[in-house]
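In: Prediction below, plus the sequence it came from.
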Amino acid sequence: MTNFLIGTDSAETSERLVPYVRERASEDDELYAVNSLYGSDQTSDEEIVEGETALEVLEEELGADPHQLVRGNSPQVDLIHFAREYDVDELIIGIRKRSPTGKMLFGSTAQDLLLETDRPVVTIPLTEPK
C-alpha cells in the first residue's frame, strides 16, 4: 500500500492531476488531497471556496480524503508537515511555467517543496506544451 498526497490550489489543478493519479494509484492505496491556505486576512472567502471546490474534485473523482489546511503556513510547509504526519510515500503537485522574474518576485511553491522535502515529488504540468 502506498500513501499519496495530492496538493491542489484550484479545481483546474485537481482536474489536471486526476489522470496521473488514476494511472499510478491502486484501490489499496491511500489518497490524501490537501489545499493549503494561510488564513487570517491573507486569505479571501473566494480562495476558501476555490480550495473546497478543488478538494471536492479529487474526492469525487478519486475518493481522496480531503484536507483544507488553514494553519498560517506556506503551502510547502503544510505539505511537508502533512506528508510526515501521514507517512506519505509520494507527493503529487501541479506546476505552472513562469518567467525567472515571476519566480523571483513571487517565489515558487513547487521549487521550495522540491528542495525541502525528503520524499519523492511528482510534478504535473498545468499548462499545455507549446
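Out: The structure has been received and is ready for your questions.
In: counting contacts, what elements does the biggest strand by length in the chain pack onto?
Out: With residue count as the measure and DSSP state E as the assignment, the chain has strand 30-37 as its longest strand. Identification of packing neighbours for strand 30-37 by 3 or more Cβ pairs under 8 Å, 6 or more residues apart in numbering; DSSP states H and E yields strand 3-7, helix 45-62, strand 65-70, helix 75-85. (C-beta placed from N, C-alpha, C; glycine too.)
In: For the first one, give the mean pLDDT please.
Out: Mean pLDDT, strand 3-7: 98.
In: Residues contacting it, please?
Out: 14, 17, 21, 24-25, 29-36, 58, 62, 64, 75, 79, 82-83, 86-94, 113 (Cβ atoms under 8 Å, 6 or more residues apart in numbering).
In: in this protein, what secondary structure element scores lowest on mean pLDDT?
Out: Within the chain, judged by mean pLDDT, DSSP states H and E, the helix or strand with the poorest mean is helix 100-106; its value is a mean of 52.
In: Tell me which other helices or strands the helix or strand following that one touches.
Out: Sequence-wise, the next helix or strand beyond helix 100-106 is helix 109-116, with elements assigned using DSSP states H and E. Under the contact criterion of 3+ Cβ pairs under 8 Å, 6+ apart, the helices and strands touching helix 109-116 comprise helix 75-85, strand 90-95, strand 121-125.
In: now helix 109-116 against strand 3-7, angle please.
Out: Inter-element angle recorded for helix 109-116 and strand 3-7: 140 degrees (by axes from the mean of the first three to the mean of the last three Cα atoms, to 10 degrees).
In: which ones are touching Glu12?
Out: Taking Cβ under 8 Å, 6+ apart as the contact definition, Glu12 lies against Leu126.
In: quick one: it from Glu50, how far?
Out: Shown here: Glu12 relative to Glu50, a distance of 10 Å by Cβ to Cβ, to the nearest Å.
In: check contacts around Thr2.
Out: Contacts were defined as Cβ under 8 Å, 6+ apart; by that measure Thr2 touches Ala25, Ser26, Asp29, Glu30, Asp89, Glu90.
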